[in-house]
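Novice: Pasting the sequence and the predicted coordinates here, then a few questions.
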Amino acid sequence: MLTKEKVAKRLAKNLRQLRTSKGVSQEDLSVQAGLGRAYYWRVEQGSINVTLETLVRLSNALHVDVADLLAKSKT
């Protein structure tokens, strides 16, 4: 069963993997997404629940679909 905590951790893991695979720093991604660096850091730590608007901003900054941010890991 999914909980908001599990979804937040999944988002955090996917964000970190996508960001590092593209060679983007946390600071650069936060700027591209129009988010504060400290706020972005908390998102990537899985310690905050984000709004749909934030998901869209992050997906646009990474040039991926929102679904990619929430996809279940294949491992």
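Specialist: That came in fine, so what should we check first? Numbers count the residues shown, from 1 in each chain.

Novice: what about L2, distance to L52?
Specialist: 16 Å (C-beta to C-beta, to the nearest Å). Using the backbone N, CA and C atoms, a C-beta is placed for each residue, glycine as well.

Novice: With D68 instead?
Specialist: 15 Å.

Novice: Could you check which of these two has the larger neighbour count?
Specialist: More neighbours surround D68 than the other of D68 and L52, with 13 against 8 (other C-beta atoms under 10 Å).

Novice: who's in contact with the helix or strand containing Q17?
Specialist: Q17 belongs to helix 4-21 when assigned by DSSP states H and E. The contact list for helix 4-21, computed with C-beta atoms under 8 Å, 6 or more residues apart in numbering, reads 25-26, 29, 43-50, 55, 58, 62, 64, 68-73.

Novice: So which bits of the helix or strand following it are buried?
Specialist: Downstream of helix 4-21, the first helix or strand assigned by DSSP H and E is helix 26-33. Under the neighbour-count criterion of 16 or more other C-beta atoms under 10 Å, helix 26-33 has Q26, L29, S30, A33 buried.

Novice: now swap in stretch 14-25 and tell me
Specialist: N14, L15, L18, R19, V24.

Novice: Those residues: which two are farthest apart?
Specialist: Greatest spacing in these, by C-beta to C-beta: N14 and V24 (13.9 Å).

Novice: Next, count neighbours for W41.
Specialist: For W41, the count of nearby residues is 15 (other C-beta under 10 Å).

Novice: again, but for H63
Specialist: Using other C-beta under 10 Å, H63 has 10 other residues around it.

Novice: Now stretch 43-63: buried residues?
Specialist: Within stretch 43-63, the residues scored as buried using 16+ other C-beta under 10 Å are V43, E44, G46, V50, T54, L55, R57, L58, S59, A61, L62.
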